[in-house]
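Engineer: please find the sequence and the predicted model below.
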Amino acid sequence: MTHTTTEITAELVQELLHEQHADLADRPVRLGARGWDNQLWRLGEDLAVRLPWATESADALLRKEHAWLPSLAQGLPLPVPVPQRLGAPSERFPRPWIVTTWVPGTPADRAPVTSAESADTLAAFLTALHRPAPERAPSGRDRGGPLAEHAEGFAQQLTEATGHGLIPDPDAVHAVWDDAARAPRWSGPPLWLHADLHPANVLTADGTFCGVIDFGDLCAGDPACDLAAAWLLLPDGATERFHRAYRPAADAATLRRARGWAVLKALACILIGHAGDQGRPGGKPSWGPPGHASLRRLVASAAG
């Protein structure tokens, strides 16, 4: 992680607003969250300011959201943080930043989905999002392309997690991955993808989904990348309901690839959760449980 050298405070956010968006500057500002790429500051009750702070790539991701998400958001059945304003780099803060709508809810890593009906909600969201993307749509940094390109990363993650004693049956995990990697590639048109659907990027209330956030990895590609979310986000027994509700119904090869993406995401969550348990930088203890649950479901479904 590469932290910005400028300390981000409520006072700085208000100064930036005064300079560039003075009509918003009188709203109260308070810290909302510190994410992987950005800090999120509440701006009154219905807006938020996102400022890059921990990665060099965050600047381009914010600009991409500002360019593409407003039009996509209009057809989505769940609230998303719609960009409203773009802040330019300045002497006070040398990076771009955006003002978005605020989406209320609790991240699913802290308040997991418990309702079986949530499968229908997730399917409706991805059915609406997965529309053909235009030729100039952004490509993913490392998502939405051929799954086989991630074989080395999978092997490294599995070895690391197994070495920490976090994987009860690594051979079973490897079998799920091997089957997914052998599946035929996506042959349809590139579709719009969220491409980063993990529990911290989905909001819940009363046991079901109430919002989706962080579209920094928005790109065009293979829908299997997003369909992996069914194993990572839904409660036990809800995955098949999701598959029945998603349209058009995914073919067998796409579901096999989705399982491979789910393995990758589950291992990442497990390792990030373990780092959090150990108090290491970048670790998030709340990511471990959904990763373990996802991997357990994937292995069990393969055995069945």
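Structural biologist: On my side now, so go ahead.
Engineer: quick one: classify the most centrally placed residue in the chain as helix, strand or coil.
Structural biologist: Per C-alpha atoms, centre = their mean, the C-alpha nearest to the average position across the chain is that of residue 196, at 2.8 Å. When the structure is reduced to helix, strand and coil (DSSP: H, G, I helix; E, B strand; the rest coil), residue 196 reads as coil.
Engineer: ok, now residue 18?
Structural biologist: With three-state DSSP as the basis, the three-state label of residue 18 is helix.
Engineer: that one - how many residues pack around it?
Structural biologist: Residue crowding around residue 18 was assessed by other C-beta atoms under 10 Å; the count is 13. Using the backbone N, CA and C atoms, a C-beta is placed for each residue, glycine as well.
Engineer: can you pull the contacts of it?
Structural biologist: Neighbour list for residue 18: residue 25 [criterion: C-beta atoms under 8 Å, 6 or more residues apart in numbering].
Engineer: ditto for residue 74
Structural biologist: Shown here is residue 74, which makes no contacts under the criterion C-beta under 8 Å, 6+ apart.
Engineer: sorry, back to before: excluding chain neighbours, give the residue nearest to the residue nearest to the centre of the chain in space.
Structural biologist: For residue 196, ignoring the flanking residues on the chain, the nearest one in space by C-beta to C-beta, 6 or more residues apart in numbering is residue 217 at 4.2 Å.
Engineer: count of neighbours near the one you found?
Structural biologist: Each residue near residue 217 was counted by other C-beta under 10 Å, and the total is 23.
Engineer: can you give me phi and psi for it?
Structural biologist: Phi and psi for residue 217, reported as degrees, to the nearest 10, are phi -100, psi 10.
Engineer: show the pLDDT at residue 4.
Structural biologist: Reading off the confidence values, residue 4 has pLDDT 55.
Engineer: can we start the residue count at 39 from this point?
Structural biologist: All right, first residue 39 from here; so that's residue 42.
Engineer: from residue 280, how far off is the residue nearest to residue 234?
Structural biologist: To residue 280, residue 255 is 21 Å away according to C-beta to C-beta, to the nearest Å.
Engineer: for the residue nearest to residue 234, what are its contacts?
Structural biologist: Counting by C-beta under 8 Å, 6+ apart, residue 255 touches 99, 178-179, 181, 231-234.
Engineer: same list, those, but as a markdown table with distance to residue 78 and pLDDT please.
Structural biologist: Conversion of the contacts of residue 255 to a markdown table gives the following (distance: C-beta to C-beta, whole Å; pLDDT from 0 to 100):
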| residue | distance to residue 78 | pLDDT |
| --- | --- | --- |
| 99 | 14 | 92 |
| 178 | 23 | 75 |
| 179 | 21 | 77 |
| 181 | 22 | 88 |
| 231 | 22 | 98 |
| 232 | 17 | 98 |
| 233 | 19 | 97 |
| 234 | 15 | 96 |
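Engineer: distance from the chain centre to stretch 80-92, please.
Structural biologist: Chain-centre distance of stretch 80-92: 18 Å, with C-alpha atoms, centre = their mean, to the nearest Å.
Engineer: just the buried positions in it, please.
Structural biologist: Neighbour counts using 16 or more other C-beta atoms under 10 Å place 80-81, 85-92 of stretch 80-92 among the buried residues.
Engineer: now do the strands in the stretch 89-238 of the chain.
Structural biologist: 121-125, 135-139, 144-145, 229-231 (DSSP state E, counting those that start in this stretch).
Engineer: out of those strands, nearest to residue 164?
Structural biologist: Evaluated over the strands of the stretch 89-238 of the chain, closeness to residue 164 peaks at strand 229-231, with 9.0 Å, by C-beta to C-beta.
Engineer: packing partners for the closest one?
Structural biologist: Contact here means 3 or more C-beta pairs under 8 Å, 6 or more residues apart in numbering; DSSP states H and E; on that basis strand 229-231 packs against strand 257-259.
Engineer: how far off centre is the following helix or strand past the strand it packs on?
Structural biologist: Toward the C-terminal end, the helix or strand that comes next after strand 257-259 (DSSP states H and E) is helix 262-265. On the basis of C-alpha atoms, centre = their mean, helix 262-265 sits 11 Å off its chain's mean C-alpha point.
Engineer: do the same with stretch 308-324
Structural biologist: Taking mean C-alpha positions (C-alpha atoms, centre = their mean), stretch 308-324 and its chain are 17 Å apart.
Engineer: just the terminal-to-terminal distance for that stretch.
Structural biologist: One end of stretch 308-324 sits 10 Å from the other (C-alpha to C-alpha, to the nearest Å).
Engineer: for stretch 81-98, same thing?
Structural biologist: Stretch 81-98: ends 22 Å apart by C-alpha to C-alpha.
Engineer: run through who's touching it.
Structural biologist: By C-beta under 8 Å, 6+ apart, the surrounding residues in contact with stretch 81-98 are 39-42, 46, 51, 54-55, 62, 65-67, 70, 72-80, 99-100, 119, 122, 125, 131, 133-140, 179, 254.
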